[in-house]
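**Q** Okay, here's the prediction I keep looking at, along with the sequence it came from:
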Amino acid sequence: MAKITFDGIEVEVPDGTTILNAARKIGGGVVPPAMCYYTPLKGSGGKCRACLVRVAAGSAKDPRPMPKLVASCITPVQDGMVVENTTSQQVLDVRKGIVEMLLINHPLDCPVCDQAGECDLQNFAFEHGVSTTRYEEERRTFEKIDIGPYVQLHMTRCILCYRCVYTADQLTDGRVHGVLGRGDAAEIGTYIENAISNDFSGNVIDVCPVGALTDKTFRFKQRVWFTKPVNAHRECGHEKCTGHVTLWYKGKDVLRVTARKDEYGEVKEWICNECRFEKKETADWTIEGPAHIDRSSVISANHYELPVINPQVIADLPESTVRELEQNPPLKLGGPNGTSF
Amino acid sequence: MGRKLLTEHVNVEGIETFAVYRKHGGYRAVEKALKMTPDEVVEEVKKSGLRGRGGAGFPTGLKWSFLAKPEGVPRYLVCNADESEPGTFKDRYLMSKLPHLLIEGMIAGSYALGARTSYIYIRGELLYVLRILEKAIAEAYAAGFLGENILGSGYSLDLHVHPGGGAYICGEETALLESLEGKRGNPRNKPPFPAVQGLYARPTVVNNVESIATVVPILNMGGDEYAKIGVGKSTGTKLFSACGHLNKPGIYELELGVPVEEFIYSDEYCGGIWKGRELKAVVAGGSSVPILPKELILKTAAGENRLMTYESLSDGGFVTGTMLGSGGFIAMDETTCIVKNTWNFSRFYHHESCGQCSPCREGTGWLEKVLHRLEHGHGSMHDIDLVVSVAKQIEGNTICPLGEAAAWPVAAAVRHFRDEFEWHVTHPKEATQPGAVYRGNLVMA
């Protein structure tokens, strides 16, 4: 066992645990964000740099601080390690920079994106970013690609977390997609546009932190925050699938089926394509009850609501102010020079 | 001119063949090493104070002693011949002229580390060098210096040359190992370090071509003797590839400690700046290291003469200093536009970023675009601060050092030549004239 101090909180974890997982043991607001790390996927992590933390003391034996910020998702703890996350201004500043980097080529098309509301990038940017951009250049764009009958790839939104590549590698037989190209021209692609056609391909949708891989059976059906998550299961014939899922209802209709996820958005049990795409009737399922969504998400927590300030009602405005307001309305819809949109 | 240890016989006719190389004292180091124990060889290299010649300057002997040696597990020595830093071309020269020197160093090094199979990972563009090396390796096999039971010592070694696809990123040691394994050349997360889990997850040492070649003179003359050359912790000789606006650009083997001024202006070396012009700036160790203006490259901030050593070049940190790096010495005369040059470097890093981690993938492209704007007269004062800020956001936050390599030159160029950047903003018309260069508010066409 190793005892570490994370943001001033002591926690004891088994040797070999990563800093991120030690922080998750504490839970709450001190947990660093993770965009590419995914516990069930071996080898994931270290790429997005969102989880960078400062190690103020390496270990009890060697209490020197580490020279650079380290990726908490891949760095194992040492006994006596002192880690700073939200208590370090440097970490917070760097994280702002990471948000900015991830967003400069992101289309910010949240209003039409199916992932909005349960998007890791949206949450990350909301919590750690700034609301303006310094990027003036043209953004990188790609054509949408259909990979297989169920999944659509919208590379423009991708943050190259490699999660889907690891999923396909570790979960499905014969991975046909991977990263092509280099630098900011790198893209997730299928070799010669091979369709992904195996039983577990749908899981790449669940692991995608953004709206790059979306469920074609759910496209533009509904905003996720208007749907109700319900846990359900069925006897699935597939040997690797347990049939434990979350159904997303709108009224009486099951709009989509996903795997169950924990509070960090990580899939608990992988599900097969049949459960995900073919069984969209309540009759197919045994309902367990409402799903509890722990994540910081609009679905459960009103997380994005700004504090409501009741507008002050002014009863008696002076005559001059009324006239002033009539002539110069404070809110004017329209483009420059009075042209309307 | 100082002693030459590596390139002593470089101009001998036919030195690339085994017979001629052998006649000029070749493979003595192997004979000597095989009579020593492997640990004694490592000890000699440690004593020599040899520092990695690939850029980082990490002591080679120390690196060798860190190699994990679990029982029954193969170990590897990999030679990093993926030399692609703009301004650096010493390894190409060494390998094409003296292929047997590298092979000799590989044999001695592999013996010291207990490697039974070793690899030379060579940059894909250097196909003709690959052929020279393969020919030399075949000769070494034929002469009994490679293969089973070398010189009857009981030690066996196989040496392979593997060409890369020509990606700069594969010069980063873990990306190189990935590429050598046949995968996409993405740098790995560290730890684990290659000394513990390298090639095929086995303990591996990755060394630069010149570092490995230098093992030969170290063994021939003894580590202590080698350590006497040079200044302080910068021991021995080093190859510098001088290029740019010099009268005599080329490869020079220097005893570390030659003053920079002497290196540039002495007829023995570069022979001064071409066409009788003034020196403006120098990039001393390949394009990744900070650029320095004339005043700071010749003398340190404290007014001492700057020497060609690891310590002296980095004197003053990144505020007034730079790094020795890989020895790619780029001199720029007064007609050089620093903004254009910085943009050009930036373009290179944008093109070569592997795209794995977000600060480098997005940041290198951003830097290039803003610098392009500045160079072409569309920039604003705000953009100058922007590039510094973006560079700062990349630096230190990436998986591998390519992020830093992209950020440092930009930050340094703005630090030392800010007025030139500002002139591009305030005088866009003049700045975009062909050949226009800022010289203290004077336009020179």
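**A** Cool, got the structure.

**Q** hey, let's count contacts and neighbours off CA atoms from now on
**A** Fine.

**Q** is it true that residue B:211 touches residue B:60?
**A** Yes. Counting by CA atoms under 8 Å, residue B:211 touches residue B:60, with 7.4 Å between them.

**Q** Need the residues touching each of those two.
**A** Residues within reach of residue B:211 and of residue B:60 at once, by CA atoms under 8 Å, 6 or more residues apart in numbering or on different chains, are B:50-52.

**Q** Pick the one among the residues you listed closest to residue B:118.
**A** Nearest to residue B:118 out of the shared contacts of residue B:211 and residue B:60 is residue B:52 (CA to CA; 18.3 Å).

**Q** So residue B:219, which state does it fall into?
**A** helix (DSSP: H, G, I helix; E, B strand; the rest coil).

**Q** okay but it is in contact with residue B:32, surely?
**A** Yes. Under the criterion of CA under 8 Å, residue B:219 makes contact with residue B:32 at 7.3 Å.

**Q** who has more neighbours, the two?
**A** Higher neighbour count among residue B:219 and residue B:32: residue B:219, with 23 against 14, using other CA atoms under 10 Å in any protein chain shown.

**Q** And residue A:283, how close does it get to chain B?
**A** According to CA to the nearest CA, to the nearest Å, residue A:283 stands 44 Å off from chain B.

**Q** Tell me how far that residue lies from residue B:171.
**A** Computed as CA to CA, to the nearest Å, the residue A:283 to residue B:171 distance reads 58 Å.

**Q** Those two: which is more packed in?
**A** residue B:171 (27 against 8).

**Q** any idea of the mean pLDDT for stretch B:196-209?
**A** For stretch B:196-209, mean pLDDT is 95.

**Q** Equivalent analysis for stretch B:39-49, please.
**A** If you average the pLDDT over stretch B:39-49, you get 96.

**Q** ok, residues contacting it?
**A** By CA under 8 Å, 6+ apart, stretch B:39-49 touches B:33, B:59-62, B:64-65, B:108, B:112-113, B:215, B:218-219, B:222-227, B:233-236.

**Q** can you pull the buried residues of that stretch?
**A** Using 16 or more other CA atoms under 10 Å in any protein chain shown as the test for burial, stretch B:39-49 gives B:41-49.

**Q** what about burial for the contacts of stretch B:39-49, which qualify?
**A** B:33, B:59-62, B:64-65, B:108, B:112-113, B:215, B:218-219, B:222-223, B:226-227, B:233-236.

**Q** how long is stretch A:254-266 from one end to the other?
**A** Using CA to CA, first and last residues of stretch A:254-266 are 22 Å apart.

**Q** Just checking the distance from that stretch to the centre of its chain.
**A** In this view, stretch A:254-266 has its centroid 12 Å away from the chain centroid, taken as CA atoms, centre = their mean, to the nearest Å.

**Q** Smallest gap between the stretch 51-200 of chain A and chain B, at which residue?
**A** At 3.6 Å from chain B, residue A:183 is the closest residue in the stretch 51-200 of chain A, using CA to the nearest CA.

**Q** Residue B:217 versus the residue nearest to residue B:222 when sequence neighbours are not counted, what's the distance?
**A** Excluding the flanking residues, the one nearest residue B:222 by CA to CA, 6 or more residues apart in numbering or on different chains is residue B:44, at 6.6 Å. The spacing between residue B:44 and residue B:217, counted by CA to CA, is 11 Å.

**Q** repeat for residue A:236
**A** Here residue A:236 is placed at a distance of 70 Å from residue B:217 (CA to CA).

**Q** Over to residue A:188?
**A** 49 Å.

**Q** Kindly report the same for residue A:130.
**A** According to CA to CA, residue A:130 and residue B:217 sit 57 Å apart.

**Q** so is whatever residue of the stretch 151-300 of chain B ends up closest to chain A in a helix, a strand, or just coil?
**A** Going by CA to the nearest CA, chain A is nearest to residue B:189 of the stretch 151-300 of chain B, at 6.5 Å. Counting by three-state DSSP, the backbone at residue B:189 sits in coil.

**Q** Residue A:43 is in contact with that one, correct?
**A** No. At 9.6 Å, residue B:189 does not count as touching residue A:43 under the criterion of CA under 8 Å.

**Q** what's the nearest residue to the residue in the stretch 301-445 of chain B positioned nearest to chain A if we skip its chain neighbours?
**A** In the stretch 301-445 of chain B, the residue that lies nearest chain A is residue B:355 (3.6 Å; CA to the nearest CA). Spatial nearest neighbour of residue B:355, excluding adjacent residues (CA to CA, 6+ apart): residue A:183 at 3.6 Å.

**Q** Name all residues that make contact with that neighbour.
**A** B:350-356, B:361-362 are the contacts of residue A:183 under CA under 8 Å, 6+ apart.

**Q** With pLDDT as new columns, can those residues be given to me in TSV?
**A** Output for those, formatted as TSV (pLDDT from 0 to 100):
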residue	pLDDT
B:350	96
B:351	95
B:352	95
B:353	95
B:354	93
B:355	91
B:356	92
B:361	94
B:362	94
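
**Q** want to throw these into JSON lines with neighbour count?
**A** Output for the contacts of residue A:183, formatted as JSON lines (neighbours: other CA atoms under 10 Å in any protein chain shown):
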{"residue": "B:350", "neighbour count": "27"}
{"residue": "B:351", "neighbour count": "19"}
{"residue": "B:352", "neighbour count": "21"}
{"residue": "B:353", "neighbour count": "27"}
{"residue": "B:354", "neighbour count": "26"}
{"residue": "B:355", "neighbour count": "24"}
{"residue": "B:356", "neighbour count": "26"}
{"residue": "B:361", "neighbour count": "29"}
{"residue": "B:362", "neighbour count": "26"}
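
**Q** Show the residue spans covered by the strands in the chain.
**A** Unless you meant another one, I'm taking chain A. A:2-6, A:9-13, A:52-57, A:70-71, A:82-84, A:145-147, A:151-153, A:177-180, A:187-190, A:213-215, A:228-233, A:244-250, A:253-259, A:286-290 (DSSP state E).

**Q** The intended chain is chain B.
**A** Under DSSP E, chain B gives strands at B:76-81, B:117-122, B:158-163, B:204-208, B:230-231, B:234-235, B:237-244, B:250-255, B:279-283, B:291-293, B:328-333, B:437-438, B:443-444.

**Q** Surely residue B:429 and residue B:377 touch.
**A** Yes. In this structure, residue B:429 is within contact of residue B:377 by CA under 8 Å, at 7.0 Å.

**Q** contacting residues for the most centrally placed residue in chain B?
**A** The centre of chain B sits closest to residue B:326, judged by CA atoms, centre = their mean, with a distance of 2.6 Å. Neighbour list for residue B:326: B:53-56, B:88, B:240, B:285-286 [criterion: CA under 8 Å, 6+ apart].

**Q** and the residues you listed near chain A, which?
**A** By CA under 8 Å from any CA of the partner chain, no member of the contacts of residue B:326 lies near chain A.

**Q** now residue B:345: how far from residue B:327?
**A** 17 Å.

**Q** Between the two, which is the more surrounded one?
**A** Shown here are residue B:345 and residue B:327; by other CA under 10 Å, residue B:327 has more neighbours (28 against 19).
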